[in-house]
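sequence? don't have it. structure:
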């Protein structure tokens, strides 16, 4: 068991209602905003290069997500990310589809190189694509297991002084030295679009409360996974699961979070 | 009590199924379209400068919403707005995030200056940002009460010959002379993204039926708030609330609307 | 009755989980992705000209949908479509709003002319707008019946060697020679945005399993319509209908699909 004070973390989050600035993809914007609201945080979506510096200055964390990527948005990601770095905000990166196209893989690698990142969250294929020896396999779907990606993640995390979070049946979080496994989750999460992206935003929300990014990543995945478990106990189909998931994000109490998070080190 | 014939207004709307053209933000497009469909109107989303004039010519009302703003979209907002003005369509403006960044504040002020607007709907901070002496406070979330924004709204409404609607725990609607308060609503509306934006679209739908913009704004907020009340009586969590809200928008009868709208003047 | 082996078709789809690449509109991206996931396929959304060729090469079918159209996206549609044609992938076109603005009508006609299309799915007005003698009537809503559009659809299907699917109270599918009618469906599908667009994506998913595009179109409309029927038997309002629809897409078994599809030839 990992000894995090998750109860206080969630309490503080709900009291502060941190503003999370998202530069994210079209598919998941609505669901991400609803996820952040349900858990007790505040979302804002803004991508224009004309305003991202000003908007991120009002925020407590920044999410950069490269799904539905296009050139104009990349400029804004760098602009917002650099400003966030200057003022010390956590920057959480979700390399959606990295490894599937060279456009995304190169963007992922550039963002990693030029920004100081707090957490990088992806599936195993996405995380593996950070290595220059990565060979593309089946595109946007992960074909690798989380354990397979662990060594790449450890090395990368150490190199870029960041935390890597690999989601899968069991999630792995590492800062290069320590490894935490998260056992919360539910298979139906794979039948709703944007659950990975939403988990990334949840990590960002926690990272605005604790500067320990390993804790924020582990807490975020445990919290989101726990909401999935609760939803999965109420229904067995994806439409009603989606609804129950948002309900659960809102309903989980700090005590319940502390009690039911299943995080293990090593 | 205000003496509006809300029963006939809703009856006529459901009979005519007015087409509402929305130039709105990415986060709320889906929810806005579903809101309009559920209440009995017809939505269309189109933003390309190549077609907005033609599209707005087919519509009965135009919504301009500046969330997820970018430069290319601003041009389309002006083009569509000017065409709507030429042909006498109501133009309803939602200044999402005005006051948070100068990009949005300036866009809001330009739209107000160059277009003839029927209704402007925002939270108190957004409405206050119309004044040149506005000092930014906490960004996209409102930190002002509706009553605090009332004088600014009255002055602005008079100056630009428009109706201002300030939403909050109690909504205020003014044409500069009269003030109507709307008491319908529910706290869970704050836990679902895009409810303000959807309320704006509902106002637009009513404004296509009645040319009395004060009535349209009051009716829109009462109708959407009443749907929130009904949803809030069925559930206490945001996921199922969102679902119940769409259900209620569809279920409210003209008689129920007339009976349960809580609008007061003065 | 039409003698398709729908049971095997759905079984094979759920086993293969085909990747469907969507270049689609902002309003329906999330719902389309959830529809594909729920039925057992895999969605990817990508629109940048920098990556569409590479992304479509990983996919098993391509959807091109012209809602919320803009110039930059048109280039990507052609680029992706040509690549899909080169490698023999089915390309399914949804001409949303064609007939409403000349921008959309011209784009529809150019796509038809320059790409080899497997299936074109639209409402009657959209399908009718393919003819150069089309006179616009009421914009984005269909004002024509499916039967009225049948002759245009037959001629067009023959000319472009494609399948035309016209959705309405009764859906019509034709390859120019044969005509199949689909009786599955529910009126509440008209109260949820993006159901037509989602049906198009479902056709694409089936077209990645069978190269018989007439079968894929008929199967797709029957499957989506059946999910609508099941949802409509559970609720009578659009919010909960939307949820029940996603549930049903996931729950329908291959046997149930075979048994309850209502397809008739002639």
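On my side now, so go ahead. In this text the structure is predicted, and so the values were computed from the model without any measurement.

just want the residue of chain A that's nearest chain C.
The nearest approach of chain A to chain C comes at residue A:239, 2.9 Å away (CB to the nearest CB). Bear in mind the C-beta positions are built from the backbone N, C-alpha and C, glycine included.

what's the local residue count around that residue?
By the criterion of other CB atoms under 10 Å in any protein chain shown, residue A:239 has 28 neighbours.

before we move on, what about residue A:232?
Neighbour tally, residue A:232, other CB under 10 Å: 18.

so what's residue A:152 up against?
Residues in contact with residue A:152 (CB atoms under 8 Å, 6 or more residues apart in numbering or on different chains) are A:127-128, A:130-131.

for chain A, what spans make up the helices?
A:6-16, A:29-39, A:52-58, A:71-86, A:102-114, A:124-128, A:146-160, A:195-207, A:213-234, A:238-251, A:254-260 (DSSP state H).

save those helices as JSON lines, and put in mean pLDDT and distance to residue B:37 too.
Formatted as JSON lines, the helices of chain A follow (pLDDT from 0 to 100; distance: least, CB to CB, whole Å):
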{"stretch": "helix A:6-16", "mean pLDDT": "98", "distance to residue B:37": "34"}
{"stretch": "helix A:29-39", "mean pLDDT": "98", "distance to residue B:37": "16"}
{"stretch": "helix A:52-58", "mean pLDDT": "97", "distance to residue B:37": "31"}
{"stretch": "helix A:71-86", "mean pLDDT": "97", "distance to residue B:37": "30"}
{"stretch": "helix A:102-114", "mean pLDDT": "96", "distance to residue B:37": "34"}
{"stretch": "helix A:124-128", "mean pLDDT": "93", "distance to residue B:37": "36"}
{"stretch": "helix A:146-160", "mean pLDDT": "89", "distance to residue B:37": "41"}
{"stretch": "helix A:195-207", "mean pLDDT": "98", "distance to residue B:37": "25"}
{"stretch": "helix A:213-234", "mean pLDDT": "98", "distance to residue B:37": "26"}
{"stretch": "helix A:238-251", "mean pLDDT": "98", "distance to residue B:37": "18"}
{"stretch": "helix A:254-260", "mean pLDDT": "98", "distance to residue B:37": "37"}
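
mean neighbour count, the ones you listed: which tops it?
Ranked by mean neighbour count, the helices of chain A are led by helix A:195-207 with a mean of 29 (mean count of other CB atoms under 10 Å in any protein chain shown).

how big is the angle separating it from helix A:238-251?
Here helix A:195-207 points in a direction 0 degrees away from that of helix A:238-251 (axes from the mean of the first three to the mean of the last three CA atoms, to 10 degrees).

so how far is residue C:205 from the residue lying closest to the residue of chain A closest to chain C once chain neighbours are set aside?
Spatially, and ignoring its direct neighbours in sequence, residue A:239 is nearest to residue C:246 (2.9 Å; CB to CB, 6 or more residues apart in numbering or on different chains). To residue C:205, residue C:246 is 15 Å away according to CB to CB, to the nearest Å.

and if you look at residue A:261?
For residue A:261, the distance to residue C:205 - CB to CB - is 37 Å.

what sits against the nearest residue to residue A:244 once chain neighbours are set aside?
In space, and not counting its chain neighbours, residue A:244 is closest to residue A:231: 3.6 Å by CB to CB, 6+ apart. Counting by CB under 8 Å, 6+ apart, residue A:231 touches A:186, A:188, A:241, A:244-245, A:247-248.

quick one, what contacts the spatially closest residue to residue A:188 that is not a sequence neighbour?
What sits nearest to residue A:188 in space, not counting adjacent residues and going by CB to CB, 6+ apart, is residue A:241, at 4.5 Å. By CB under 8 Å, 6+ apart, the contact list for residue A:241 reads A:186, A:188, A:191-192, A:231-232, A:235.

including distance to residue C:55, could these go into TSV?
Listed next are the contacts of residue A:241 as TSV, based on distance: CB to CB, whole Å:
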residue	distance to residue C:55
A:186	29
A:188	26
A:191	22
A:192	22
A:231	31
A:232	31
A:235	33
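
restricted to strands, list those residues.
Using DSSP state E, no member of these falls within strands.

which residues of chain A lie near chain B?
A:17, A:19, A:26, A:29-30, A:33-34, A:37-38, A:42-48, A:50-51, A:54-55, A:58-59, A:242-248, A:250-251 (CB under 8 Å from any CB of the partner chain).

ok and the residue in the stretch 151-266 of chain A nearest chain B?
Proximity of the stretch 151-266 of chain A to chain B (CB to the nearest CB) peaks at residue A:246, 2.9 Å away.

who's in contact with that residue?
A:34-35, A:38, B:237-239, B:242.

now do residue A:204
A:20, A:61-63, A:90, A:92, A:119, A:216, A:220.

and the residues you listed, which two are furthest apart?
Pairwise distances across the contacts of residue A:204 peak at 14.7 Å for A:62 and A:220 (criterion: CB to CB).

quick check: phi and psi at the residue lying farthest from the centre of chain A.
Farthest-out residue of chain A from its mean C-alpha position, per CA atoms, centre = their mean: residue A:50, at 25.5 Å. Phi and psi for residue A:50, reported as degrees, to the nearest 10, are phi -70, psi -10.

which residues touch the residue nearest to it when sequence neighbours are not counted?
Distances taken as CB to CB, 6+ apart put residue B:103 closest to residue A:50, at 4.5 Å, once the chain neighbours are dropped. Contacts here follow CB under 8 Å, 6+ apart; on that basis residue B:103 touches A:48, A:50-51, A:54, B:69.

residue A:25 now?
Residue A:25 is in contact with A:65-69, A:96, A:197, C:45, counting by CB under 8 Å, 6+ apart.

ok, back up a step: reformat the helices of chain A as TSV; add distance to residue C:173.
As requested, those are exported to TSV (distance: least, CB to CB, whole Å):
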stretch	distance to residue C:173
helix A:6-16	52
helix A:29-39	32
helix A:52-58	47
helix A:71-86	38
helix A:102-114	36
helix A:124-128	37
helix A:146-160	44
helix A:195-207	34
helix A:213-234	37
helix A:238-251	27
helix A:254-260	50
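
residue nearest the middle of chain A, spatially speaking?
Closest-to-mean residue, chain A, CA atoms, centre = their mean: residue A:200 / 1.6 Å.

the nearest residue to that one once chain neighbours are set aside pairs with what?
Spatial nearest neighbour of residue A:200, excluding adjacent residues (CB to CB, 6+ apart): residue A:94 at 4.2 Å. Residue A:94 forms beta bridges with residue A:65, as assigned by DSSP bridges.

how close does residue A:94 sit to residue A:41?
16 Å.

next one: residue A:144
Distance from residue A:144 to residue A:41, by CB to CB: 31 Å.

neighbour count for those two, which is higher?
Under the criterion of other CB under 10 Å, the comparison of residue A:144 against residue A:41 puts residue A:41 first, with 25 against 20.
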